[in-house]
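Q: structure for the following, please:
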Amino acid sequence: MPERWRSRFEFFGRYGQPASSPESTAAFKALPFGTRFRLGFNGPAFFFGPIYYAIKGPWRKGLSLFGGVVALAIVVGIIEAIIGVTVPPGAWGAGVGLIYSTTANWAYFLHVTRGSASWNPFEGMPMFRKKA
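A: Down below sits the predicted model:
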């Protein structure tokens, strides 16, 4: 396993998902910027989205994200048609890429270490955690 994945797996194995507890959040914030960036962002997933997920293994999560993005695109398209304003394609593409890239590392960790076959791309990620 490459060093970049080994360091991600060590953090995830010790603390879990970076926002899952106050301890994991504190450990994440204590890391240097570059390490935090590599832990929370995946460049290939940003550019290749569901193809990256299919190649790395958690294809169900990639397919779920793809379906969600398509549904969101339909809703945004309807809203754009109603109000007569368009979302710039670059902004839309960057937003979609960020969704894929910020979920990829944790999804791959779950796939490799726990054999996760879930369709939920946000499995184990706290969406709304109360501040302590």
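
Q: OK, contacts around the residue nearest the centre of the chain?
A: Among the residues of the chain, residue 103 comes closest to the average C-alpha position under CA atoms, centre = their mean, at 1.3 Å. For residue 103, the contact set (CB atoms under 8 Å, 6 or more residues apart in numbering) comprises 45, 61, 65, 121, 122, 125. All C-beta atoms are positioned from the backbone trio N, CA, C, and that covers glycine.

Q: element containing it?
A: In this structure, residue 103 sits in helix 89-114 according to DSSP states H and E.

Q: quick one, domains of this protein?
A: Here the chain is described, according to automatic domain parsing, as comprising the domains 1-40, 41-122.

Q: turn these into JSON lines, including mean pLDDT.
A: Putting those into JSON lines (pLDDT from 0 to 100) gives the following:
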{"stretch": "domain 1-40", "mean pLDDT": "90"}
{"stretch": "domain 41-122", "mean pLDDT": "93"}
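
Q: most packed of these?
A: Highest mean neighbour count of those: domain 41-122, a mean of 16 (counted as mean count of other CB atoms under 10 Å).

Q: and residue 32, backbone torsions?
A: phi -60, psi 160 (degrees, to the nearest 10).

Q: how close does it sit to residue 22?
A: 20 Å (CB to CB, to the nearest Å).
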